[in-house]
Structure formats: structure tokens, C-alpha cells
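Novice: Test case, fold it:
(chains A and B)
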Amino acid sequence: MTAQASHTAIGPGSAIGALVPRMTQICGPDGVLTDPAQLATYECDGLTAHRCSPGLVVLPTTAEQVAAIVSTCAGAKIPFVARGSGTGLSGGALPRAEGVLIVTSRMRSIIMIDQHSRRAIVEPGVTNLSVSKAAEPFGLFYAPDPSSQVVCSVGGNVAENSGGAHCLKHGFTVHHVTGLEIVTPEGELTWLGDGTGAAPGYDLVGAFTGSEGTLGIVTKIVVKLTRIPEAVTTLLAAFRTMGAGGAAVSAIIGSGIVPGAIEMMDALAIEAAEAAVACRYPEGAGAVLIVELDGPADDVGRETAIVRAICEREGAYEIRAAHDAAERAAIWTGRKSAFAAVGRISPAYIVQDGVVPRTALPEVLDRIAELSAASGVRVANVFHAGDGNLHPLVLFDDGQPGAEAAAEEVSGAILDLCISHGGSITGEHGVGVDKARYMPKMFGPGDLDTMQLLRCAFDPAGLCNPGKIFPTPRLCGEVPGVRREPHPLVASGELEQF
Amino acid sequence: MPDGSAMTADAVPDVLAKACSEVRSAKPDDAVAGVVPRFVAHPADVAEAAATMGAAASLGLTAVPRGAGTRLAWGVPPASCDLVVDTLRLNRVLEHAAGDLVVRVQAGVGLDQLAGVLAEAGQRLALDPPPSRGPATDGARADTIGGVLATGAAGPLRLRYGTPRDLAIGITVVRADGTVASSGGKVVKNVAGYDLGKLFAGSYGTLGLIAEAAFRLHPLPGAASFVTRDAASIDTAHAAIAAAAGSPLAPSAAELDRPGRQAPISVGVLLEGDPEGVAERSRRMAELLGGGASVSAVRPAWWGRGAATDGTLIRIAFWAAELAGVLRGVDAAASAAGLDPAVSGSAAAGVIYVAVDERAAPAAVAQFVLAVRAAVGNPASAHPSRGSAVVLHAPAQVRAAVDMWGPVPALGLMRAVKNQFDPGHRMAPGRFAGGI
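Specialist: Here you go, the predicted structure:
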């Protein structure tokens, strides 16, 4: 679905135009964009199928400015949407024509690194990879590593609960965030958590992470840093068939080894990567597997030998091992370029993101192949095999009438497959606007209603990134509190009773 | 409404009896932190649990969920408790997908029961919560999944594997009004919708009843090794813990234990994995720890006991670099209050437990708690607070004299969450932080 909004002129008479003087006061003249041509550059995030020029763009540099912006929006009942680097793949940062887009890209300082607590405090616009670079002199790194880590922002990672190839072993953003300073949808600046990961009270850090910008705007993040592993080995194994590659994955997991990453590509994805970046994967491969092992040197050496033996047993006809950064980069080149590379073999494509239990992968891949054969729509498969996270690339020619619709149909059918196999409609790209309509297929009305209680607690007015995640917004009614017998300290006035 | 604290047995209302196949009048030993309920319901399945909660809502009953009851004394006593909803009949392991390293269980499944099922496939749920109170015993393993989730209880393995919220990948809850709701699922990688599991983990029953949960599993390690040494001073212990945590030897846990202020501090590091690798890493870890560190496959007696006590148990969370400062703060506070607490816990992960003898004067304990809080952080500051000290359980007179939870960041938002999930404030009212 493509929604191309027309540009409405921002005049002092419009609701949004009336905000311009105040926003300029808050952010300075260079922190407010009103020119339609400039606004248009923010019309979409990494998912270009959904577009809408924002009513106004603001570029704050401090948390206090964000709070003032949100307060202003809340007071005027104008919706607002936060955006980091704009690399999201579900339209989570799709602007509103009648709303304000709050871009955090100018808030990019790494406030502190505490080596011995293994923590850093960063601003939301800091890029993911720069946290690891700053931590490297201390022997530490920031574990979540989405493919876009060179440009994507930590604030955006928090909103999306971003993963990455290595989350199989190291976990997602939510496992590496221990404190958040946020601006609530009502404009209040507050901390969630205290950086320890064991703060008293509800785990609002955990609940906020992955809420796709609907519960507030993050202005500072306390992240956990992880010890850089002593050794890393990357293996590339080529198989004649996907079935053989899949069997190797099952055997590796079954052996009790938890690799840092297990990635798989099929023949079509390999073809695209060869065309784009000449990654020189072994010829004739029906599937390549990339297995990365990290940890203490002695263990990695032993595990590498085991993985190698398993791959050989399952029919790998060529295995390469990387032992240094350059060799590792050569192996990863093809995998990391896979999404963009598909552009070399198809005029247009849809990047899908679904999850199935890992053991269901062979069957689901067969079903995808059947879908592809029946519809004539080509599908290239790239996936995080270790955790069953599929990224089918559904190819089509946007010059052909009806081709996009056919591709969309296949793409949607793949999500149905994921749901029917007990999986998920998104493993890491988020729901955003793109998949809100699939939420009722995965969750019942009671589930969606209950999730939205959290939304109502944070954003009763429904102004913070509205229209995302949930197909049907819940009305947030006022709720009465009931007081009961007080604690002795309450009675004496020393403690507040809720 | 009849007085909930009356010792005479109440007749079970029809609505409740119809909702649940096993409901009875409460007995004195059903008390929740001293508050005797009127009724106890033992639902047989999630549908009955939902009907029970719905009936409680229609009758306006306050309710407290209960598993094995091992941590029922944690938190502030409820302001009111008409009904205990006991989960022990919800004891089915619903699905163990060994190939996917995932398990789905009902809330009343015991950790011990689950460990047995998982071990058959060479797997485990990497949670080892300390015993809830009293001397360290195997009784802690009676803990139910629901109770461990609801209290966020975690032991030494938290350094490597985190706490229940980190391992839960899906949850099914029954809301205060009886609505059944799920989030997450049974795949590890999943970002569809809000994560109710995070919200309910550590919520002490104040948002609803945890009915089912799914967890990520890990392979059972082939070998485990404990590298231990004694440290004569706080600084030596701190240095040893920091060396372990900062090492590339992938420790699963790094703990310390000190039974009293004059005793030396025991430092221990757990290494797990392939037997050959563990042997090699143990050798290297012993060198790093220094002080004649020894290596053993046998767990030290003090390991993971979390300073178990029938007295006052305090959990301190802090930034790991502050370990020495926190220990000195505890000592100074103890000295000023005339106490000699035991200290034990996951020092490298920034969580330690402090146990004060049950005979200590309530006023002295209250003074101690305030001084410890002052030493570990100030949540009211604009910068992130650097820590907290929560009183997990305490004798009645101590409970009456202290604010058990202490200052809590974002209390306003927490109250808003409570109001949404439990607008009648019927779920474990007053048990939680900030009077929630």
C-alpha cells in the first residue's frame, strides 16, 4: 500500500503552523524544518512503500528540548512521531501529515563509559556501531548488531528492540539496556530503571523497549557492554541443497554448542550477492551456511573442530574458515549485502521478516518454495537459521501490472505460514504500520486489548506515534483508584499509599 | 463485606464455588505475610483460573496469587486479601520443544519438576534463585515458575543468563477482571506487540495472575568448576571480582559471601561448559584471582544462599564498579546501627543480599536500611540513580518501621500501569513499590 500525501502549506492559520514560533524558540531556527522540499526528505523510513510528508520536522539537541517539544504537542493535541536514523523496516517512523516529526539525530554524544560496571550512557542519536568503537579501548563492545549498525541509532534500536546476526547467543537490545531517560507522551522527563538492571518496581525499561515509539521518546540510554571475546572463528560451509544445510544447523544446535551466529542463504540469494559484491562463495552452492563461534580461545578451537566435522558429515563440499578480521569480513560480505544485492537480479522486492521454531525451518522453506512455484513469484531466502528468523526476499517487476500485488500476496502467505507453525510475524523489523493488519492473526482481541492497557498508561491521549502496531486503537477511560487500610508509615505520614 | 481478618471460616459464595472446582475457606497457615484470607481457590486449568478471577471481580474480592508460597512473605503485607488464588494445580509442562530449546509451562510447575524434564534432553532453564528464607535447603527448588517470575528471583547465574525476564519469551496472564491475555510466543526471536512478560516479571501479583509462560533454554553444561579464594579486605575482594568479570573466560557467575563483619570474604567464580575447556579456564581463572585460589567441582556451602535468613533480608543493586564502596557503606551503616549483617550475592552482576538477624531491634534495622540507601544511590537525582536497597522480607515489627521498597524511579508511570490493569486495586493491594 502506497500512501502519497499531498503537501499542505504550513501557514500561521493551520494547527501545525501555529506551533512553529514555539518550536523555533525551543530548537532554534536551524532546528525547525517547514520547507516542503525538506519535509519530503523525511517522508519514509527504510520501508519506502509507506510515505507521508510530516507537517513539521524538529531537530532537538537536548532532552529538555524534546520534553518542551512534546509538551507543546500535547498541549495542542498534535500527534508526534520520533525518528532516529530512519533505517527502520516496518514504517515505525512513518510521519503524520498533521503531526510533528521529532528527529533525534543531533543528540549523538556518548556521555560516559564505565569500564568496570560495563555500562555506557549514550544519547539516542548515537549510532549503534559507534558505541562498540568507543568501548573497544576498554576491551568491551555493545552486543546487539543489526545489519544497519553503521547508521542506525541506539534510540531507534530501543524502539524496535533490534536484534542482529549475533543475538542468537548475545540477546537483543532489551537484554542490553538497563536504564532509559524518556520524555513521556505528556512531556515529562523521567528515568526508567537506574542502570543496574535490578531497579525496584515494574520493569518499565523492559516494557518500553520494543514499543516502537508509542510509549514516549527516549533521550538517554544506559547500555550494558560485553567483554570482547578472546577468540572468534567464522566458518563458511557450502552445501548442494538447503535440506543438507538445514540438517547441519540442527546438528550444531543439538550438539550443545551455542554459536554467536548461524546464517543461511539459498542459491538465489547467493546469485544476487555474487552479482552485487562478488563475494566469491563456492560455486554450485544450493545453500551456504555461515557459523560464527566466539568465546575463550581454547573453547572456540574445540567448537570449531566440532562444527566443521558436523558440516562435513551433513554433506558440505567446501568449508572456509576465517581467523582474522579481513577474512571474516570477506565471508560476511555476501550475507550483509544480501538485501540490497537482490536489486541486481530484480527491479523491485519486498523484504519479509518472519519467525518459525527452528525445527520447522525445513518444512516452512518447502512451503515457501511451493508458494513461489505456484505463483511464479521468485523468492530468495536469507535467514538467521539459528533462531528461525526468516528474511524471504520476494522479487517482482514493478513495471509489470499486477506484479506487486502478486508479490504482496506471496509475502503475506509467508507470514501466514509463520503463524500456523507457531512463530511470529516479525523477529526484528517490528510491526509499525506495515504489519498492524497481521496482529489480529497472531493475537486475540483479549491479548491486543491487554497490551493496549500499557499504551493507555503511558499515552492516554493517543498522540505518541499513533496508528502503529495496533490495528484498532483502544479508548483509554479514566479509572478510579480505591484506597484501603494504610501501612503504619502511611498513617504516620512518612510513606505515601497508593 | 465481612471482616477479612476474622478467624471464623467464611462460607464460600456460590459464584466462587461455581467458577472453580476446588475452593475452600482459608486456614491460618494460608496467611499472606500475616494477613489471613477468607478463601483459597485451587483452579485446575487456565479456564478455571480465569473464571475464579472473574468471580472475584464480581464479588469485589481482593486477591493474592500464590505458588509454592516460598516468597509469599516478600514485599509489604497486602492491605487486604480476601482470596488466595493458588496455582499448584496448574502443574503441566505444556510443551518441551527440545530441538528449539524452548519450553512452555503452566505457572504452578516447580523448578525442580521442570529441571527433571529438561535434563532428560540435556537442557536447563538457567535460573537458580536463592532460597527464599531460612537456612539454605533444597526447599528452594519447590519454587514455582509463576512465583519466580512474579518476584523476579534470580541467583548466581544472573551474571551470564540474566533474570526471569531475560529468559521468558512468552506469557499468559489472567487480568484482575478475568480476561486471559498472552504476549510473545514460543520463538526466541519475536518483536510483535508489547511484551507483557517484562511487565509481569517482578510485579508481585499486583497486575494479575501469571498462568503460563514460555522460556528460552540452554544446554546443560558438560562440566562445572568453582574457583574460590578468601579475601582479607573489601578491596582485595573487589579486585578479584572485577578481574573475573573483566576476563575473557566467560564466567557463568562471580559471587562473594561474608557471614559477618569480622569474617574474611569468600570469592567464588563458576565456570561451565565442555570439560576440557572448563579445566583450562579454571586454571587461568585461579591465576587471575590470585591469593592461592583453589579449583573444585564441588559447590561451596555458601554458594547462592543469598544470605538466607529468618530475619531481615535486603537486596542491594548497584553499578558493579561501586562494589567496594557499597560494601564499605554497608559496614558503616551496620556499625552505626550496632548490627553485624551477613552479605552474600552476585557481586559481579551488581546484586548482593544483606541479612540482618531476626533478633535485631526494629529501630536499628530501620536506621540501617536508611543509611544503606543513602550509600547506594539517590533515585531522585536527574542522573540515573546508581542503585537501590529493597527490604525483601522482615519480621513484622521491622516491616512496620521501614519503607520496604524505598524510593522508586518513575513511580507515577507505575501507578498509571496499575490503574489500567487493576483499576479496583484488588490485586495484592499495597504489596508493591510506592504502595501499589
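Novice: pLDDT averaged over stretch A:157-164 - what is it?
Specialist: Stretch A:157-164 shows a mean pLDDT of 95 in the predicted model.
Novice: who's in contact with that stretch?
Specialist: Contact partners of stretch A:157-164, identified using Cβ atoms under 8 Å, 6 or more residues apart in numbering or on different chains, comprise A:82, A:84, A:88, A:90, A:92, A:124, A:128, A:144-147, A:149, A:152, A:156, A:172-174, A:177, A:180, A:208-213, A:218, A:221, A:384, A:389, A:427-430, B:189, B:191. C-beta: built from backbone N, CA, C; applies to glycine.
Novice: Ok, stretch B:36-46 next?
Specialist: For stretch B:36-46, contacts defined as Cβ under 8 Å, 6+ apart pick out B:2, B:4-7, B:10, B:12, B:16, B:19-26, B:28, B:30-31, B:49, B:51-52, B:61, B:64, B:81-90, B:106, B:172, B:174, B:180, B:211-212.
Novice: repeat that for 6 Å
Specialist: Residues lying outside stretch B:36-46 but in contact with it, judged by Cβ atoms under 6 Å, 6 or more residues apart in numbering or on different chains, are B:4-5, B:10, B:12, B:20-24, B:26, B:28, B:30, B:49, B:52, B:81-86, B:89, B:211.
Novice: can you give me the helices in the stretch 301-436 of chain B?
Specialist: With DSSP state H, counting those that start in this stretch applied, the stretch 301-436 of chain B shows helices at B:323-337, B:362-376, B:396-401, B:411-421, listed in chain order.
Novice: hmm, back to that, among the contacts of stretch A:157-164, which lie within helices?
Specialist: Taking DSSP state H as the definition of helices, the contacts of stretch A:157-164 contribute A:128, A:156, A:208.
Novice: Quick one: which of these is the most crowded by neighbours?
Specialist: When neighbours are taken as other Cβ atoms under 10 Å in any protein chain shown, the top entry among these is residue A:156 (34 neighbours).
Novice: For chain B, what is the nearest residue in chain A?
Specialist: With Cβ to the nearest Cβ as the measure, residue A:206 is the residue of chain A nearest to chain B, at 3.0 Å.
Novice: For the residue nearest to that residue when sequence neighbours are not counted, give me the pLDDT.
Specialist: In space, and not counting its chain neighbours, residue A:206 is closest to residue B:198: 3.0 Å by Cβ to Cβ, 6 or more residues apart in numbering or on different chains. With respect to pLDDT, residue B:198 scores 98.
Novice: shouldn't residue B:198 be in contact with residue A:202?
Specialist: No. Between residue B:198 and residue A:202 there is no contact, the gap being 8.6 Å when judged by Cβ atoms under 6 Å.
Novice: neighbour count winner among the two?
Specialist: Relative neighbour count places residue A:202 above the other of residue B:198 and residue A:202, with 32 against 26, counting by other Cβ under 10 Å.
Novice: Outline the domain layout of chain A.
Specialist: The record assigns chain A these domain ranges, following automatic domain parsing: A:17-103, A:110-227, A:229-333, A:346-442.
Novice: Contact partners for the residue nearest to residue A:206?
Specialist: Contact partners of residue B:198, counting by Cβ under 6 Å, 6+ apart, are A:203, A:206-207, B:165.
Novice: now do 10 Å
Specialist: Contacts here follow Cβ atoms under 10 Å, 6 or more residues apart in numbering or on different chains; on that basis residue B:198 touches A:174, A:202-210, A:454, B:165-166, B:168, B:171, B:183-184.
Novice: Please identify the helix or strand for it.
Specialist: Element membership of residue B:198 [criterion: DSSP states H and E] is helix B:196-200.
Novice: From residue B:169, how far out is the residue nearest to residue A:206?
Specialist: Between residue B:198 and residue B:169 the distance, using Cβ to Cβ, to the nearest Å, works out to 11 Å.
Novice: State which one residue of chain B is found closest to chain A.
Specialist: Among the residues of chain B, residue B:198 lies nearest to chain A; the distance is 3.0 Å by Cβ to the nearest Cβ.
Novice: Is residue A:287 in contact with residue A:243, as I believe?
Specialist: Yes. Because the distance of 8.4 Å satisfies Cβ atoms under 10 Å, residue A:287 is recorded as touching residue A:243.
Novice: Comparing the two, which residue is more hemmed in?
Specialist: Neighbours were counted for residue A:287 and for residue A:243 using other Cβ under 10 Å; residue A:287 has more, 26 against 16.
Novice: so how far is residue B:305 from that one?
Specialist: For residue A:287, the distance to residue B:305 (Cβ to Cβ) stands at 50 Å.
Novice: quick one: low-confidence ranges for the stretch 51-200 of chain A?
Specialist: Counting by pLDDT under 70, the stretch 51-200 of chain A shows no low-confidence range.
Novice: Can you show me the strands along it?
Specialist: Chain-ordered strands for the stretch 51-200 of chain A, with DSSP state E, counting those that start in this stretch as the definition, fall at A:56-58, A:80-83, A:100-103, A:110-114, A:119-122, A:140-141, A:177-183, A:189-192.
Novice: most centrally placed residue in chain B?
Specialist: What sits nearest the mean C-alpha location of chain B, by Cα atoms, centre = their mean, is residue B:153, with 1.9 Å.
Novice: Phi, psi for that one please.
Specialist: Residue B:153 adopts backbone torsions of phi -70, psi 130, taken as degrees, to the nearest 10.
Novice: give the contact list for the residue nearest to it when sequence neighbours are not counted.
Specialist: When the adjacent residues along the chain are set aside, residue B:153 lies closest to residue B:129, with 3.7 Å between them (Cβ to Cβ, 6+ apart). With contacts taken as Cβ under 10 Å, 6+ apart, residue B:129 has the following neighbours: B:70-71, B:111, B:140-141, B:143, B:147-148, B:151-158, B:163-164, B:304, B:306.
Novice: mind running it again at 6 Å?
Specialist: For residue B:129, the set of contacting residues under the criterion of Cβ under 6 Å, 6+ apart consists of B:148, B:153-155.
Novice: Then residue B:143?
Specialist: Contacts for residue B:143 were tallied using Cβ under 6 Å, 6+ apart; they are B:68, B:70, B:111.
Novice: any idea how far residue A:174 is from the closest residue to residue B:246 other than its chain neighbours?
Specialist: Nearest residue to residue B:246 in three dimensions, chain neighbours excluded: residue A:227, at 6.6 Å (Cβ to Cβ, 6+ apart). When distance is defined by Cβ to Cβ, residue A:227 is 20 Å away from residue A:174.
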